[in-house]
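*Asks:* Based on what follows, work out the 3D shape:
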Amino acid sequence: MVARYGQLGMAAYGASRASIELLTKAWAAEYGPQNIRVNAVAPGPTLTPSVEPRLEMAEEFAKALPLGRVADVQELADVITFLATPAASYITGAIIPSTAAAARSESRRNRPRRHSRRRPDTEPLGCSSRP
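*Replies:* Presented below is the predicted three-dimensional model:
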């Protein structure tokens, strides 16, 4: 999510994630003619040794996800294994989210706003009471 939407204090991390996504797509286009597939997995909160000290924070974040839980390392390994099988032979240049979080956040961000954030003492555009 940080690769697509800026977050306070996450500029360097977001830029690194965004660059991985772009490299994945560029290399898929570059190496595809040689029958080389390039894909990436974008993991959400996952139970790893580096996350264990901050497990409470990861679990709290995961509550907002559709599955409501932290992923197990084996679940990510299964996605990566699938991408290496013949069943995924026509998939290239894809960024595979390990949770449905990306779809959920994109649908929230892309929906049109109903109301603008105008000051209450101003008139809506095109609705002037002046002659």
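
*Asks:* how about the strands of the chain, start to end?
*Replies:* Remark: strands assigned in the chain by DSSP state E are 40-42, 46-47, 71-72, 95-97.

*Asks:* Kindly reformat those strands as CSV containing mean neighbour count, distance to residue 82 and mean pLDDT.
*Replies:* For every residue, glycine as well, the C-beta is placed using N, CA and C. What follows is the strands of the chain, written out as CSV (neighbours: other Cβ atoms under 10 Å; distance: least, Cβ to Cβ, whole Å; pLDDT from 0 to 100):
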stretch, mean neighbour count, distance to residue 82, mean pLDDT
strand 40-42, 18, 10, 93
strand 46-47, 17, 17, 85
strand 71-72, 16, 15, 86
strand 95-97, 17, 9, 92
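
*Asks:* what about residue 45, neighbour count?
*Replies:* By the criterion of other Cβ atoms under 10 Å, residue 45 has 22 neighbours.

*Asks:* Excluding chain neighbours, what is closest to it?
*Replies:* Distance criterion Cβ to Cβ, 6 or more residues apart in numbering; nearest residue to residue 45, sequence neighbours excluded, is residue 58 at 4.2 Å.

*Asks:* Select the longest helix from the chain.
*Replies:* Criterion DSSP state H: the longest helix present in the chain is helix 11-31.

*Asks:* Distance-wise, check the nearest residue to residue 40 once chain neighbours are set aside relative to residue 93.
*Replies:* In this structure, residue 40 finds its nearest non-sequential neighbour in residue 24, 4.3 Å apart by Cβ to Cβ, 6+ apart. Separation of residue 24 from residue 93 (Cβ to Cβ, to the nearest Å): 6 Å.

*Asks:* Name the residue in these two with the higher neighbour count.
*Replies:* When neighbours are counted by other Cβ under 10 Å, residue 24 and residue 93 differ, and residue 24 comes out ahead with 19 against 16.

*Asks:* show me what contacts the more buried one?
*Replies:* 38, 39, 40, 93, 94, 95 (Cβ atoms under 8 Å, 6 or more residues apart in numbering).
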